[in-house]
Structures are given as C-alpha cells and as structure tokens.
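A.B. asks: how would this look folded up:
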Amino acid sequence: MAVERMKTVGIVGNITDMDKICRTIVLNGSMHMLNALTEINSNYFKLSASEENIEAIEESNRLVPYNVGKDYGKDEQIIKALNEIFDFKPSKDTGSIGIDYDYQKLINAVEEEYGAVKELWDEIEKKNKLVEEKKNYIKNLSYMKDINMDISPLLNLKYLRLRLFIISRENFGRLKGNYENVPSLVLKIATKDDNVIVMSVAPQYFDEEIERLFATLNYQELKLPAGYTGTAQEIIEKLTGEIKNILNEIKDLKDLVQKRRGDVSPTIKKAYSALELEKKVELVKREAAMGKRLFFLFGYVPKSKVKRLQKELWDYFGSNIILVIDDAPAREMAKSPPTKFKNSWIIRPFEALIRMYGLPSYNEIDPTVFFGLSYMFLFGAMFGDLGQGFVILLGGLYLTYKKKRVNLGGVLSRLGGSSMIFGLLYGSVFGNEHLIPALFIRPMANINTMLILAIGLGVILMTISFLYSLVNNWKRRNIEEGIFGREGLVGFLFFLTLIFTVVNYFYNLIEIPLAVPIIIMAVLLLLNVFKEPISNLIIGSNRLYKESVVDYYTEAGFGVIETLLSVLSNTISFIRVGAFALNHAGLYLAFETMAEMINSGIGGTLILILGNIVIIGLEGLIVFIQGLRLEYYELFSRYYSGDGVEYAPVRLNN
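C.D. replies: Numbers count the residues shown, from 1 in each chain. Now for the predicted structure:
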C-alpha cells in the first residue's frame, strides 16, 4: 500500500487549560509530538496575522521550554500497594475517566484510604510471618519426635545450648572423623534425602567455636522455639493450635479489609487510570513551549485522524484554543514526518522485516507490498514442497494464534503457503516427486531451465526496483540521482541495454551490430560520470561541482567500475534461487538413497522422517536468510533508504 499521509498540527492554548488539552491529546492517541520550541525558533510554526492570533504571535517571540516536571513515584507506589491489598487487576479505563477530573483530589482520597487500610494490612503481614515462623518450628521439631521426654529443659538450658544443624552426608562423615576435636556433644537424630540432622549440646562460651566448625561443613541451623514445655510432639500440637488461632485472626482482619473493597474500588481504579494518563500527559508537556499566559504544542497527526482530534478540541475548548493544521510535505520541517504503515492484512506481517532494515522515509514509497510478494515468491521458488510448506504453514499459525507471535507467525504462514503453491508446480510432497504430477516443471530434470528462469526472475525484480527508485527520486525532486544516477533513469537504461545485449548475443533476437548497444552503454556511462555538472546546469546552480573537480572525477571513475560490476553481480546473484530449488530436491534425494540402502521398512521410514525434519529446519532457515539477503542487498540497495522515523503517538495504551 503506502505510507500514511500526515498533517502538521499546532496547538495554542491558555496555560490554565494545559492539563485538559494534554489529556485530550493523549486520550485521542494520534499525535506524534515534536518539540514546539524547536519548531517555532526554526520558523516552521507560523500563525496568520489575524486579530485572534495577536496575543499568540506576541508570546511566540519570548517562549521558554516546559520545566515543571512532576514525580509520580510516590503515587504509583501507593496505588500499586492498594491494588495488591484489595487484589485488583489494574486496567486503564479510558471510557469513564474523561479529562475533567481533579487528579490531586483523587490522590488525596487514595492516600486517605491507604492510611486507613495500611495498619490492618501490616498486622496481617506480621501475623503471616509469625505463622511461617511457627511452621518452621514444627518442621524442625519433627526431627525430635523420637525423643520421648520433656525437652523444655533442653531448650531452656542456662549454661549449655542445644542446637540443630542440617549438613550433607559427606560432611557428616568428615564430622565423625573429627569427633575428638569437637567441643560439643553431637548426636545424629534424623536423615532427610542426602542430608543428616544432628543435635549439638555444648557450653555457651563455645558458641563461636561451634559456629566456625559447622561453617566449614556448609551447615544450615534449624531454629527451635523457646518458652514451651513437654515432648517434641506436644510442643508441635501446641504450635499447630496457635497457628490455627492466628489464621482465624488473619481471616477476620482480611474480612475487615474486604468490607472496604467494594466502596473503594471505583476510586482506586479511577486513580490508577488517572495516574497512567498523567504520566503520558507529562510526556506531552515536555515538548511544549511556554509563554506568560499561553502554551504551544506541535506534532504530526495522520490525515485520517485530524478531523477527530480537531472536533474533540473544538467541542470542549472552542475559541479558547488555536489550531494550525497544514500538510506535512508542504514545507521542510525541523524533523521529517514520521512513518505510519498502511497495509492490508496479508502483507502486514512483513512490516517487521522492513523494520529490521529501516523504516521508509515519509517521501518514499512503502516497499512492503513489493517486498512481501517478492519474498514469498523467492522463498516458494527455493523451497517448493507441498508437504513441507504445509508444516511451515501450521508452525506459523501456531505461533500466531497460540503464542501470539503475530509477526513471525504471520510471515511463516505466508511463506509456508507460497512453498505449498510451488510444491504443486514442482510436483513435490515431502520431497517425493512421484506422488503428484508437476504442474509446471521438475527442477532436477530441468537444471539449465531452472537456472535461466532464476536469472530471468532477477531481471524482473531488479526492473521493478529501478522503477521504485525512479518514483522515489521524483518524489524527492532529486534530478541528479533520479535522471543521471546509477539507480536513476540512466542506470535503468544501462541495465536494460546490457541485458538486451547479452540475451541478443546468445539468442540472436534482432540483427543489430554489437557496436550499437556498446555505444549506447558508453554514452549512458558518460552521462552518469557528468551527472553533477549537468544536473546543476539544469537547475541553474551557480556551482557546477560541490567539491574539487579532481576528487569528483576520481570518485566518478570508480563509480563507473562499480556500476558495471554491480549490474552483473546483482543479476547473476539471483541464480541462487534456481540453485536452492535444485539443492532442495537433491538433499531429499540423498536421504531417499540412504533409506533404500538400509533395506528396512521401518528404518527407511525413520530416515525419511529425519530427512524431512532436517530439510524443514536447516534448509528452511538457510532459504529464509538467503531470501532476505536478495531483498536487502540486491533490491533494497537500489531504491530504498530505510532512514524513516517511526510514528509514535503519545497514547494511554502503549
């Protein structure tokens, strides 16, 4: 399709309305912001000298950047905490928030609610930690269940200390071998997986030495509760009862919290949406130019969305706002208009591959349609197989609808479909060329024809790329490159003449002396050499050369050599299309031969399955890359700059 047309939109409003105007822009979600001060200082933002614009014209001469930024970090933390407390799933509600809300009033209400509920929530958190602590005590005491005696004296010794440690079996062996040097009574009381639980009883003044000893054994201490009496089992039962009571207390506290949930839900949800909106509003304000009473904003809006933005601003602010709307290409801006793709669903996934190279600039043709169609054709021609293409198609659909990888899945599903079409043309199903008839050609039976067709395809694609280059240079009003350049009209005529000369030499289509096309090509090369002085004469420039004459003609001489080499190499490069089509058939033939050599039905079938997996995975990836190489290096280099700026409007949901 094309790059969507843009309009420049300038907005002048009262500072008292700034928040609401910026909110309208964000909720509209179509304005790609530019720095207003830069545009005004560069004389790209101009107001008509009318009565209603007098004040704005006066203030435009003494503007300053917006520098009253706000920090929303504290508000964000409070709202996030409340969402967690009340188990809200935050969502940006653009429908009900509007632009008339009082943000500070919303935040005050949220802070008040946070203050009321925080004490309850802190108590819940405290009790949850206590439950976890008691659960750990139960787990640790369970290793002492076999000690059928009151262990409270052991837990509350005055001069001695009882401690539990868990160490690995290997380290326990080291400990056993060093018992005589351990200032403690050490008993093995349980095992757990590959670990051993040991009980240590030692005088308290040996604590540091015990710590150092067990540190060498990579220990973990198991904490035991204090202040309990009875056997380990009895203490466990007491702890279990306490946990039950605490959990009931937690439930009561949570019930108190949840009682508030319904009342505060609208406020918190609106505050969250308002917060997200205010953060985006701040991005808009950063690009503003500030006067004493007025502020100025500037940006690009797609032509199809200008009327909606205009209506929303005028409906609310009326005569309190000045709008200046102009066609983006009508004048050179401080920054070129951004690029917004406008393509049909079948081509849209290929936009991701265009972005990998670079976005089209505003004043050149969007190459996505040509790229998408030619890339599908190239991939299908190199990887033509009905069955393997179907697998790639299924993989693409899986990525699109299950994994939500829309771009990659979309590209693969379309490449798989192209592969299936060429599989029908080649008569190939999972590499087998005997199941269905070929509707067009069998590659391995027509090797020379495949290679010639590949070169012919390259000539067609390069011809189209030359046409794209001519149109792009015309849109840029670039006479030098558009008419006399290597990718311009002269280069295109040279390419056609060279192709005609080669074809006519081998096939004798027209009786014409060889000297005639050679002379034509020589003249075209001379025009290319003198492109700068000729184009400067045409446009009436005072200078014929932008640099020294010697430097210019030295560079032009090398340019002639590069033109000759690039035209031939670029065209011949497309022979790989036929070569990979042959390679695809030949690779399956190799696996088929191995399957026959095994002389086993099951073994042969497994070899063929493995072969198809290798072909789909390995060769499919190679063909994918080779197709991109042809597009990027042989075609894009002729007509596509890829130096555009992506359309990035400030909107709430991005």
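A.B. asks: CA atoms for contacts and neighbours, from now on please.
C.D. replies: Will do.
A.B. asks: what helices or strands is the helix or strand containing Leu526 leaning on?
C.D. replies: Assessed by DSSP states H and E, Leu526 sits inside helix 515-529. Contact here means 3 or more CA pairs under 8 Å, 6 or more residues apart in numbering; DSSP states H and E; on that basis helix 515-529 packs against helix 489-507, helix 549-573.
A.B. asks: buried residues, that helix. List them.
C.D. replies: 517, 521, 524-529 (16 or more other CA atoms under 10 Å).
A.B. asks: let's have the residues you listed in JSON lines, adding distance to Met199.
C.D. replies: Compiled in JSON lines, the buried residues of helix 515-529 are given as follows (distance: CA to CA, whole Å):
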{"residue": "Pro517", "distance to Met199": "100"}
{"residue": "Met521", "distance to Met199": "97"}
{"residue": "Leu524", "distance to Met199": "96"}
{"residue": "Leu525", "distance to Met199": "94"}
{"residue": "Leu526", "distance to Met199": "97"}
{"residue": "Leu527", "distance to Met199": "96"}
{"residue": "Asn528", "distance to Met199": "93"}
{"residue": "Val529", "distance to Met199": "93"}
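A.B. asks: show me which positions of the host helix or strand of Ala81 end up buried.
C.D. replies: Take DSSP H and E as the rule and Ala81 turns out to sit in helix 73-85. Neighbour counts using 16+ other CA under 10 Å place 75, 78-80, 82-83, 85 of helix 73-85 among the buried residues.
A.B. asks: share the number of residues neighbouring Ala381, please.
C.D. replies: 24 (other CA atoms under 10 Å).
A.B. asks: for Ser600, same thing?
C.D. replies: Neighbours around Ser600, by other CA under 10 Å: 11.
A.B. asks: do Asp150 as well
C.D. replies: 16.
A.B. asks: surely it and Ala232 touch.
C.D. replies: Yes: with contact defined as CA atoms under 8 Å, Asp150 reaches Ala232; the gap is 7.5 Å.
A.B. asks: ok now the helix or strand just after the helix holding Leu526, how far from the chain's centre?
C.D. replies: Remark: after helix 515-529, the chain's next helix or strand is helix 531-539, criterion DSSP H and E. Remark: helix 531-539 is offset 44 Å from the chain centroid, using CA atoms, centre = their mean, to the nearest Å.
A.B. asks: which other helices and strands does helix 531-539 contact?
C.D. replies: helix 479-484.
A.B. asks: check which helices and strands the helix it packs on is in contact with.
C.D. replies: Using 3+ CA pairs under 8 Å, 6+ apart: helix 479-484 touches helix 447-475, helix 489-507, helix 531-539.
A.B. asks: what about the ones you listed, which gets the closest to Tyr647?
C.D. replies: helix 447-475 (20.1 Å; CA to CA).
A.B. asks: between helix 549-573 and the closest one, find me the angle.
C.D. replies: 140 degrees (axes from the mean of the first three to the mean of the last three CA atoms, to 10 degrees).
A.B. asks: next one: helix 447-475 to chain centre, how far?
C.D. replies: 32 Å.
A.B. asks: give me the mean pLDDT for it.
C.D. replies: The average of the pLDDT scores along helix 447-475 is 93.
A.B. asks: pull out the buried residues from it.
C.D. replies: By neighbour count on 16+ other CA under 10 Å, the buried set for helix 447-475 is 450-451, 453-459, 461-463, 465-474.
A.B. asks: now do the same end-to-end measure for stretch 213-233.
C.D. replies: End-to-end span of stretch 213-233 (CA to CA, to the nearest Å): 30 Å.
A.B. asks: now that stretch: buried residues?
C.D. replies: In stretch 213-233, counting by 16+ other CA under 10 Å, buried: 213-214, 217, 219, 222-225, 228-229, 231-233.
A.B. asks: tell me which of the helices and strands packed on helix 515-529 sits most buried.
C.D. replies: A comparison of these by mean neighbour count, using mean count of other CA atoms under 10 Å, puts helix 489-507 on top with a mean of 17.
A.B. asks: which residues touch that one?
C.D. replies: Residues outside helix 489-507 that contact it (CA atoms under 8 Å, 6 or more residues apart in numbering) are 463, 466, 470, 482-486, 509-510, 514, 517, 520-521, 524-525, 527-528, 567.
A.B. asks: assign Asn542 to helix, strand or coil.
C.D. replies: coil (DSSP: H, G, I helix; E, B strand; the rest coil).
A.B. asks: how close does it get to Asn536?
C.D. replies: For Asn542, the distance to Asn536 - CA to CA - is 8 Å.
A.B. asks: now for the buried residues of helix 73-85, which pair is the farthest apart?
C.D. replies: Checking the buried residues of helix 73-85 with CA to CA, the most distant pair is Asp75 and Ile85, at 15.4 Å.
A.B. asks: low-confidence ranges, the protein, go.
C.D. replies: Under the criterion pLDDT under 70, the flagged ranges of the chain are 1-2, 44, 94-96, 329-335, 654.
A.B. asks: longest helix of it?
C.D. replies: In the chain, ranked by residue count with DSSP state H as the criterion, the top helix is helix 232-286.
A.B. asks: elements contacting that helix?
C.D. replies: Contact partners of helix 232-286 among helices and strands, from 3+ CA pairs under 8 Å, 6+ apart: helix 18-28, helix 73-85, helix 94-97, helix 103-141.
A.B. asks: for stretch 425-438, measure first residue to last.
C.D. replies: End to end - CA to CA - stretch 425-438 spans 5 Å.
A.B. asks: buried stuff in that stretch?
C.D. replies: Buried residues in stretch 425-438, counted by 16+ other CA under 10 Å: 425-433, 438.
A.B. asks: repeat for stretch 171-187
C.D. replies: Quick answer for stretch 171-187 (16+ other CA under 10 Å): 171-172, 175, 183-184, 186.
A.B. asks: before we move on, what about stretch 116-133?
C.D. replies: Buried, per 16+ other CA under 10 Å, within stretch 116-133: 117-118, 120-121, 124, 127-128, 131, 133.
A.B. asks: so what touches that stretch?
C.D. replies: 85, 243, 246-247, 250, 253-254, 257.
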